[in-house]
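Enquirer: using only what follows, build the 3D model:
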Amino acid sequence: MKQELLNILQCPVCGGIVSLDKINKTVNCKDCHNNFPVVDDIIVFLTPKKLQEFLKEQWGKELVKEKFGTFVHSNDTLLNLQKIADKVKSEALQKNKEYFNPDPDIPKDLERAINQSVEVLAEKAYVKTARRILDWPTGGGFFLKYLVNIVQSDTLIIATDINFGQLAATKAYLDQAGKGRNLSFVVCDARYMPFQNNVFQSITAWGGTVEIPDAFLAVKESYRVLEEKKWFGISGDLYKENSESFRIAKKLGLDSLVTRERLEKFLEKTGFANLSYNILYEGFDEGLSTPQEERCPLPASGDWFSHIVASGQKT
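Expert: Okay, the predicted model is just below:
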């Protein structure tokens, strides 16, 4: 585990100082005495209580339960995590180079916009000049795959997601591809980040507008852990207020940033300045009516939506 990562961590529960216990494979808080397992060099910054809270949310139930397996109900967390890591690692190593490609059934112009979004997000977050980068929610690593190829050789990228299984698979794939040198992986709730204040020179949130409940909390946390004068970038789909897509997002608890007005207002309210807003795609959902996990399951059939990249500078 990289010492640079350990130097910037804090307990997500109380904000206290943490240390690594190499023998027991845990990261321990000296203040509240919570212990967080380390599995395959991935720190899992989720307490059993936090996991249970997340699973109570409708979105959490749909997104996490199958991926995490039954360990959330077991006292033997470490063993079950290791079993999941071994399984997804084996699967990831069997994947071919198409592993991170977007859904082949989406319209070609939307596919082009999604591919373009990784370049625009990297540019707007100024990742090429950053020494330390935070990425959330990393998920299957579509943006991360691009990011690792353009940063400086001594840049540290910390990839985070609440989904241990998915993050472990992404790590295994990139390790096998020889792309893991710059990377550290942390399972955490982006709404309660386990990082000290002002420690990142760039933060990227590819898909962040509709990936987690109460995403505005993750944006506030991004502001806290970002250095002054540095840049935050977020991408994803946006919808119209009071549309069917918006109503679905609200039902799932994903409505906090899913309209342009809400996103821009909250970025400004949080303290970000020099806001930019790039619309990469606008259209109506005609071929995406089958609910898919990666589409959240949005947009709703027939609804207008846009795919955007927004960014701002911490003042």
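
Enquirer: just the strands in the stretch 201-315 of the chain please.
Expert: 226-239, 272-284, 304-314 (DSSP state E, counting those that start in this stretch).

Enquirer: each with direction, which strands does the first one pair with?
Expert: Same thing as strand 226-239. Strand 226-239 has its sheet partners listed here by DSSP bridges as strand 200-205 (parallel), strand 304-314 (antiparallel).

Enquirer: pick the most buried one from those.
Expert: Greatest average neighbour count among those goes to strand 200-205 (a mean of 27), per mean count of other CB atoms under 10 Å. C-beta here means a position set from N, CA and C on the backbone, and glycine is covered the same way.

Enquirer: export that strand to CSV, keeping only CA atoms.
Expert: Presented in CSV, the C-alpha positions along strand 200-205 are these (Å, rounded to 0.1, in the frame of the first residue of the first chain):
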residue,chain,number,x,y,z
PHE,A,200,-6.2,16.6,-4.1
GLN,A,201,-5.1,18.7,-7.1
SER,A,202,-7.9,17.3,-9.3
ILE,A,203,-11.2,15.5,-8.7
THR,A,204,-13.2,13.7,-11.4
ALA,A,205,-16.7,12.3,-11.2
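
Enquirer: show me the contact partners of it.
Expert: Outside strand 200-205, the residues that touch it by CB atoms under 8 Å, 6 or more residues apart in numbering are 121-122, 125-127, 129-137, 143, 147, 158, 190, 211, 218-219, 222, 225-227, 230-236.

Enquirer: quick one on the thing from earlier: of the strands of the stretch 201-315 of the chain, which is nearest G180?
Expert: Nearest to G180 among the strands of the stretch 201-315 of the chain is strand 226-239; the distance by CB to CB comes to 23.0 Å.

Enquirer: and the angle for that closest one with strand 272-284?
Expert: Compare the direction of strand 226-239 with that of strand 272-284 by axes from the mean of the first three to the mean of the last three CA atoms, to 10 degrees and you get 20 degrees.

Enquirer: so for strand 226-239, what's the average pLDDT?
Expert: Mean pLDDT, strand 226-239: 97.

Enquirer: mind checking how far the residue nearest the centre of the chain is from V186?
Expert: Centroid-nearest residue in the chain: P137, 0.6 Å away (criterion: CA atoms, centre = their mean). Distance, P137 to V186, using CB to CB, to the nearest Å: 12 Å.

Enquirer: need the overlap of contacts for these two.
Expert: Joint contacts of P137 and V186 (CB under 8 Å, 6+ apart) are T160.

Enquirer: just give the nearest non-adjacent residue to S222, would you?
Expert: I203 (4.8 Å; CB to CB, 6 or more residues apart in numbering).

Enquirer: remind me which residues of the stretch 101-250 of the chain are low pLDDT?
Expert: 101-105 (pLDDT under 70).

Enquirer: quick one, helices of it?
Expert: Listed in chain order, the helices of the stretch 101-250 of the chain (DSSP state H, counting those that start in this stretch) span 108-124, 142-147, 164-176, 215-225, 244-252.

Enquirer: nothing else from me, thank you.
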